[in-house]
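**Student:** Test case, fold it:
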Amino acid sequence: MILISACLAGLNVRYNGTNSLDEKIQRLMLENKAITVCPELMGGFSTPREPAEIVGGNGGDVLDGKATVIERTGRDVTELYLKGAYATLQKALEVDASLVVLKEYSPSCGSAMIYNGAFNGTKLLGEGVTTALLRRYGIEVLLEEQFL
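**Tutor:** As a prediction, this is how the structure comes out:
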C-alpha cells in the first residue's frame with residue numbers, strides 16, 4: 001500500500017484550505033492502491049490554519065528536541081507536529097506501507113526542501129517532521145515529483 005498526502009489527492013487540507021491535486025496520485029487513490037494522510041490534521045490542526053515553519057533546523061532536529069515548529073504569529077506548535085508525525089507513522093505501519101509520497105516544502109511533509117523558518121519564502125535543503133520520523137523507521141518517502 002502507498003500512503004499519499006491528502007492534498008495531492010485533491011482534498012482541501014492545506015494550511016490555506018486548498019489542495020495540490022496531482023491527477024496521477026489521485027488516480028492511485030481512486031484505484032484503491034493508496035491511502036491518504038494529512039499529518040497536520042492527524043496532529044490536531046484544522047483547515048484553514050496559520051502557516052508554520054521549522055525554526056532552528058529541520059524535521060530531524062525537531063524529533064531530537066533541537067528545533068521547533070512555529071506559526072507565523074509565534075505560537076509554538078511543535079507538539080502538534082510531533083503528534084501528527086507519530087500518527088502517520090502508526091498508519092504506515094498498520095497498512096504496511098511500501099512507500100509514502102508527501103507534499104514538498106511542508107514542515108511536516110517536505111522530503112528534500114523546507115522553508116527556512118523566517119516566513120520570507122526562502123527554501124533550504126531539509127525534511128519535515130513526518131518525513132524524518134518515517135525515514136528513521138526505514139520507510140521510503142518521496143516528494144511528488146520523484147514519484148511521477
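**Student:** So which residue is dead centre in the protein?
**Tutor:** Cys109 (2.1 Å; CA atoms, centre = their mean).
**Student:** tally of neighbours for the residue nearest to it when sequence neighbours are not counted?
**Tutor:** Using CB to CB, 6 or more residues apart in numbering and skipping residues adjacent in sequence, the residue nearest Cys109 is Leu102, 3.5 Å away. Glycine gets a C-beta too; all of them are placed from N, C-alpha and C. Close neighbours of Leu102, defined as other CB atoms under 10 Å, add up to 28.
**Student:** do Asp96 as well
**Tutor:** Neighbour tally, Asp96, other CB under 10 Å: 7.
**Student:** That one and Ile2 touch, don't they?
**Tutor:** No. With contact defined as CB atoms under 8 Å, Asp96 does not reach Ile2; the gap is 10.8 Å.
**Student:** what about the closest residue to Ser20 other than its chain neighbours, neighbour count?
**Tutor:** Nearest residue to Ser20, sequence neighbours excluded (CB to CB, 6+ apart): Cys7, at 4.6 Å. Residues contacting Cys7 under the criterion other CB under 10 Å number 26.
**Student:** State the pLDDT value of Cys7.
**Tutor:** pLDDT, Cys7: 95.
**Student:** and what of the one 4 residues further on?
**Tutor:** Reading off the per-residue confidence, Leu11 sits at a pLDDT of 95.
**Student:** distance of it from Leu30?
**Tutor:** 13 Å (CB to CB, to the nearest Å).
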